[in-house]
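*Asks:* sequence below, structure please.
(one chain, ligands or ions: 3)
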Amino acid sequence: MLRQLGTTRILLPNLRPIRYITMPPATPSSSSSSSSSSARENNVSKGRKQQATLGRFFSSINHKKPTKDTALKNESKEETKEENKDDSDSIPRKKIRLSTSSSSPSIMAESKPKSPIKLNTERSSSPASASASTTPTPIVADHTLDPKTAVSKPFLCAIPYKEVCQLFQEIETTSSRLSIIKLCSDFLIKIMKQDPQNLIPVTYLFINKLGPDYEPGLELGLGEGLLMKTISESCGKSLTQIRAQYRELGDLGQIALEARNVQPTMFKPKPLTVGEVFNNLKMIAKAAGKDSQTKKIKLIKRMLTACEDGVEAKFLIRSLESKLRIGLAEKTVLISLSKALLVKEFDANKDFDMELLETAEGKIRDAFCQVPNYEIVINSCLQYGIMNLNEHCSLRPGIPLKPMLAKPTKAINEILDRFQGETFTSEYKYDGERAQVHLLEDGTMRIYSRNGENMTERYPEIHIGDFVKDRNETKTLILDCEAVAWDKEQQKILPFQVLSTRKRKDVLAKDVKVRVCLFAFDILCHNSNKLINYSLKERREILHRVTTPAPGEFQYATELTTSNLDELQKFLDQSVNDSCEGLMVKMLEGEESHYEPSKRSRNWLKLKKDYLEGIGDSLDLCVLGAYYGRGKRTGTYGGFLLGCYNDNTGEFETCCKIGTGFSDEMLQQLHEKLKATVIDGPKATYIYDSSAEPDVWFEPSLLFEVLTADLSLSPIYKAGSSAYDKGVSLRFPRFIRIREDKGVEDATSSEQIIELYENQSHRSS
Ligand SMILES: Nc1ncnc2c1ncn2[C@@H]1O[C@H](COP(=O)(O)OP(=O)(O)OP(=O)(O)O)[C@@H](O)[C@H]1O
Ligand SMILES: [Mg+2]
Ligand SMILES: [Mg+2]
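*Replies:* Residues are numbered from 1 along each chain as shown. Ligands and ions are numbered 1, 2, ... in the order given. Now for the predicted structure:
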């Protein structure tokens with residue numbers, strides 16, 4: 001039964017203007033769910049969002065985190081945000097500088113020959129850490145240097161799967177973020193005590209993934225047709241019955257639960273273990289070829305039959321669909337994991353102070369941004385200790401690190417204000433696709449996209465080895481580049497639209513019509529030297545020293561170092577004349593010029609000529625629903641409901657209706673594309689107002705890049721509504737293009753929208 005959530009309005013000094021705080025009930029309910037109506041889930045998820053705010057509020061009070069003195073206005077704004085996120089989440093927001101760390105994150109240390117590992121004496125010794133003291137070679141990381149060989153062995157995790165499902169059930173009915181973190185971390189601590197290796201498959205089940213994002217072929221997302229067939233065959237119900245129930249409930253997990261609960265069992269099945277389920281899920285994801293359907297059905301049926309109760313069947317089916325739907329954001333899992341690992345490393349009964357916990361979280365997040373692979377991060381923690389993680393778990397060729405991102409600006413003045421008194425540099429901002437280029441020890445090359453997807457196949461004509469000055473001196477490399485379409489005859493850059501006509505897979509060098517030139521703007525690793533903590537000035541020097549540019553194939557980003565306003569203005573105009581989008585302005589020297597993986601940093605500012613009139617940048621928003629077209633647009637959708645992504649809650653918050661900027665062909669194409677994703681009603685994760693309800697709802701699958709004149713507060717839309725009493729919405733939105741290279745969770749975040757809104761010189765309300 002849904003708990004009653006009381007609502008209180010509290011004005012918080014130094015935080016956001018107005019917040020709604022939902023007070024938690026006295027006792028957490030753990031009643032099993034009996035209905036899965038989307039209205040109920042909607043309420044729960046809304047409550048959860050308010051609770052997230054509560055968590056931050058409590059955390060800022062209880063732990064009396066000191067407010068840092070910040071001189072700069074922007075700085076203080078950013079700090080406030082950081083503070084707000086305390087209890088929570090976020091893949092790195094700030095660099096955590098450790099006072100407790102025994103070793104500085106100096107990059108020079110990394111480039112030296114490996115020294116014997118020093119054990120932190122404060123740590124309780126574990127067999128893993130004890131062995132580390134005698135084994136200087138990092139056992140964990142080496143086998144993963146090449147992702148080809150990084151495919152992990154089957155897991156032997158004997159934890160009953162039922163226990164994980166019971167936890168999911170409890171999380172589903174819990175709305176407080178802090179309570180969810182506690183539930184998860186307590187569970188992880190429990191299973192870790194049996195065997196620390198259990199953490200790996202359990203973490204993956206929590207985040208509903210089977211391995212790192214960069215490893216191909218690990219997606220589940222099985223179709224409903226196949227799952228309905230399997231449920232019907234294994235639970236003795238007809239397919240017609242299952243289909244009818246699905247129309248009514250819209251949740252295959254719930255159907256499996258009910259079917260399993262009423263099904264008499266002849267004998268007590270051998271309980272499913274986490275290891276078994278995880279390995280089977282992997283086999284299902286990897287099944288390919290002509291018998292793959294049969295193989296998948298057989299494996300699922302075997303697991304369904306072994307489920308002891310309906311709850312197991314429910315979450316098994318939801319995992320197979322890749323829709324756990326319990327509101328467990330990946331950031332929450334990361335925090336819970338940090339807590340568990342901290343318990344392992346220090347005294348289990350100790351009450352950690354917040355500082356230690358934050359440091360641990362920061363260390364684990366930093367490591368994860370450089371090596372986005374839970375298996376490696378967890379194993380490195382277990383082997384070397386969290387506080388030594390940065391020495392053993394840092395970027396490496398063959399694994400895509402999370403790229404550094406830029407903040408938008410609206411005028412050169414804004415840039416001069418930000419970098420006042422600092423040395424900064426400007427580069428052309430090329431309009432292509434991000435390409436993180438890795439040269440591996442064996443001479444092979446990988447090109448990863450902005451999201452860490454392996455795009456090497458897409459660019460068969462590029463051989464990075466050809467641009468390395470001395471192959472004897474340079475064995476491995478990681479470069480940050482933009483791949484741009486190039487007109488070979490005219491020797492000039494072609495627009496992004498031309499690049500997007502290239503095939504994404506199975507491209508043969510001889511068939512390439514649209515050539516690509518790589519514009520390199522950074523170097524992150526050279527042989528064993530990890531360069532992210534070098535200044536940009538030093539990194540540039542190394543880039544120039546170890547590579548040789550070739551016109552039209554591999555060039556350096558055009559750059560200018562000046563703080564003169566007129567020169568900057570000229571450089572901006574020149575970049576546009578040379579078919580670029582504008583400028584990237586970067587801190588050049590000092591610590592602030594270090595490369596910050598995954599961070600949207602104010603040390604990198606983008607200035608896009610086309611958007612100077614608006615809010616400074618375009619937005620990438622998820623298509624949540626559509627309105628039927630009228631008149632000329634009859635037969636297609638005439639407008640769309642768009643939302644941004646709240647990465648704290650995992651919800652999509654509506655922010656505008658869009659109907660401008662579409663050609664008739666585009667509307668046709670969108671109708672074709674989107675009609676396959678129509679769902680019966682809004683998802684539990686959609687936060688919307690009934691006055692903006694569309695005619696049809698979609699599964700989140702597509703992002704639109706959108707331009708807007710400005711942002712305003714609106715009673716109808718919900719973006720950032722956890723910060724204001726109203727939501728932020730886009731005025732006069734205009735469609736630019738479909739954003740192919742981003743997943744739905746890479747949509748512009750609610751936080752970014754709030755920031756853009758707050759940065760407008762005159763806000764309307
Ligand atoms: N000189 C450069 N330095 C850094 N990035 C550059 C440079 N030139 C082009 N880029 C590209 O600009 C991107 C950042 O701006 P852009 O607005 O295109 O980002 P995006 O892909 O829309 O992502 P987001 O809007 O989330 O930042 C980088 O990810 C990179 O692909
Ligand atoms: Mg771009
Ligand atoms: Mg953008």
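
*Asks:* so what's the residue in the stretch 101-250 of the chain positioned nearest to ligand 1 up against?
*Replies:* For the stretch 101-250 of the chain and ligand 1, the shortest gap (CB to the nearest ligand atom) falls at residue 213, measuring 16.5 Å. No exception for glycine: its C-beta is placed from N, CA and C like everyone else's. Applying CB atoms under 8 Å, 6 or more residues apart in numbering, one finds that residue 213 lies in contact with 372, 451, 452, 453.

*Asks:* elements contacting the helix or strand harbouring residue 730?
*Replies:* With elements taken from DSSP states H and E, the one containing residue 730 is strand 727-731. Where contact means 3 or more CB pairs under 8 Å, 6 or more residues apart in numbering; DSSP states H and E, strand 727-731 is packed against strand 651-658, strand 710-714, helix 750-759.

*Asks:* looking at these, which is buried most?
*Replies:* For those, average neighbour numbers computed from mean count of other CB atoms under 10 Å are highest in strand 651-658, which has a mean of 27.

*Asks:* buried residues of the helix or strand following that strand, list them for me.
*Replies:* Per DSSP H and E, the first helix or strand lying C-terminal to strand 651-658 is helix 664-675. Across helix 664-675, burial judged by 16 or more other CB atoms under 10 Å covers 667, 670, 674.

*Asks:* now the last one: how far from residue 707?
*Replies:* Taking CB to CB, to the nearest Å as the measure, residue 674 falls 21 Å from residue 707.

*Asks:* what does residue 172 give?
*Replies:* 39 Å.

*Asks:* cool, residue 474 as well?
*Replies:* Distance from residue 474 to residue 707, by CB to CB: 42 Å.

*Asks:* helices and strands around the host helix or strand of residue 497, which ones?
*Replies:* Assigned by DSSP H and E, residue 497 belongs to helix 496-499. Counting contacts by 3+ CB pairs under 8 Å, 6+ apart, helix 496-499 is packed against strand 477-487.

*Asks:* quick one, strands of the stretch 401-550 of the chain?
*Replies:* Under the criterion DSSP state E, counting those that start in this stretch, strands of the stretch 401-550 of the chain are mapped to 405-409, 424-429, 433-439, 445-448, 477-487, 492-493, 515-526, 529-530.

*Asks:* could I get these in CSV, plus columns for distance to residue 326?
*Replies:* Formatted as CSV, the strands of the stretch 401-550 of the chain follow (distance: least, CB to CB, whole Å):
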stretch, distance to residue 326
strand 405-409, 29
strand 424-429, 40
strand 433-439, 32
strand 445-448, 30
strand 477-487, 36
strand 492-493, 47
strand 515-526, 36
strand 529-530, 37
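
*Asks:* now those in JSON lines, with mean pLDDT and distance to ligand 1?
*Replies:* Below are those laid out as JSON lines (pLDDT from 0 to 100; distance: least, CB to the nearest ligand atom, whole Å):
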{"stretch": "strand 405-409", "mean pLDDT": "96", "distance to ligand 1": "5"}
{"stretch": "strand 424-429", "mean pLDDT": "98", "distance to ligand 1": "4"}
{"stretch": "strand 433-439", "mean pLDDT": "97", "distance to ligand 1": "3"}
{"stretch": "strand 445-448", "mean pLDDT": "96", "distance to ligand 1": "12"}
{"stretch": "strand 477-487", "mean pLDDT": "97", "distance to ligand 1": "4"}
{"stretch": "strand 492-493", "mean pLDDT": "95", "distance to ligand 1": "11"}
{"stretch": "strand 515-526", "mean pLDDT": "97", "distance to ligand 1": "4"}
{"stretch": "strand 529-530", "mean pLDDT": "97", "distance to ligand 1": "19"}
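
*Asks:* what's the neighbour count on residue 434?
*Replies:* 18 (other CB atoms under 10 Å).

*Asks:* ok, now which ones touch it?
*Replies:* Residue 434 neighbours (CB under 8 Å, 6+ apart): 403, 449, 450, 480, 481, 482, 483.

*Asks:* equivalent analysis for residue 437, please.
*Replies:* Per CB under 8 Å, 6+ apart, neighbours of residue 437: 445, 446, 447, 462, 464, 477, 478, 479, 480, 481, 518, 520.

*Asks:* swap in residue 326?
*Replies:* When contacts are counted by CB under 8 Å, 6+ apart, residue 326 is found next to 168, 171, 172.

*Asks:* from those residues, which ones fall inside helices?
*Replies:* 168, 171, 172 (DSSP state H).

*Asks:* quick one: which of those is nearest to residue 182?
*Replies:* residue 171 (10.6 Å; CB to CB).

*Asks:* for that closest one, which non-adjacent residue is closest in space?
*Replies:* Spatial nearest neighbour of residue 171, chain neighbours left out: residue 326 (4.8 Å); criterion: CB to CB, 6 or more residues apart in numbering.

*Asks:* what distance do you get for that neighbour to residue 281?
*Replies:* Residue 326 is 17 Å from residue 281, by CB to CB.

*Asks:* residue 576 too?
*Replies:* Distance from residue 576 to residue 281, by CB to CB: 49 Å.

*Asks:* helix/strand/coil for residue 579?
*Replies:* Secondary structure of residue 579, reduced to three states by DSSP: H, G, I helix; E, B strand; the rest coil: coil.

*Asks:* for it, which non-adjacent residue is spatially closest?
*Replies:* residue 493 (4.0 Å).

*Asks:* likewise residue 169?
*Replies:* residue 311 (5.4 Å).

*Asks:* and what of residue 250?
*Replies:* Residue 250's closest residue in space is residue 680 (CB to CB, 6+ apart), at 5.2 Å.

*Asks:* for the one you found, the count of nearby residues, please.
*Replies:* With other CB under 10 Å as criterion, residue 680 counts 12.

*Asks:* next one: the one 3 residues further on
*Replies:* Burial of residue 683 is recorded as 20 neighbouring residues (other CB under 10 Å).

*Asks:* same check on residue 332?
*Replies:* Around residue 332 there are 26 residues (other CB under 10 Å).

*Asks:* which helices and strands does the helix or strand hosting it pack with?
*Replies:* Element membership of residue 332, judged by DSSP H and E, is helix 330-345. If contacts are counted by 3+ CB pairs under 8 Å, 6+ apart, helix 330-345 sits against helix 177-194, helix 199-207, helix 354-370, helix 374-384.

*Asks:* angle of the longest one against helix 199-207?
*Replies:* The one in question is helix 177-194. 150 degrees (axes from the mean of the first three to the mean of the last three CA atoms, to 10 degrees).

*Asks:* buried residues in helix 177-194?
*Replies:* Buried, per 16+ other CB under 10 Å, within helix 177-194: 177-181, 183-185, 187-189, 191-192.

*Asks:* dump those to a markdown table, plus pLDDT and distance to residue 620.
*Replies:* Shown next, in a markdown table, are these (pLDDT from 0 to 100; distance: CB to CB, whole Å):
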| residue | pLDDT | distance to residue 620 |
| --- | --- | --- |
| 177 | 80 | 26 |
| 178 | 85 | 31 |
| 179 | 90 | 32 |
| 180 | 90 | 28 |
| 181 | 90 | 29 |
| 183 | 95 | 33 |
| 184 | 95 | 30 |
| 185 | 93 | 33 |
| 187 | 96 | 35 |
| 188 | 96 | 33 |
| 189 | 94 | 38 |
| 191 | 95 | 38 |
| 192 | 93 | 38 |
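
*Asks:* can you redo those as JSON lines with distance to residue 344?
*Replies:* Listed next are the buried residues of helix 177-194 as JSON lines, based on distance: CB to CB, whole Å:
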{"residue": "177", "distance to residue 344": "23"}
{"residue": "178", "distance to residue 344": "21"}
{"residue": "179", "distance to residue 344": "22"}
{"residue": "180", "distance to residue 344": "21"}
{"residue": "181", "distance to residue 344": "17"}
{"residue": "183", "distance to residue 344": "18"}
{"residue": "184", "distance to residue 344": "15"}
{"residue": "185", "distance to residue 344": "11"}
{"residue": "187", "distance to residue 344": "14"}
{"residue": "188", "distance to residue 344": "9"}
{"residue": "189", "distance to residue 344": "8"}
{"residue": "191", "distance to residue 344": "11"}
{"residue": "192", "distance to residue 344": "6"}
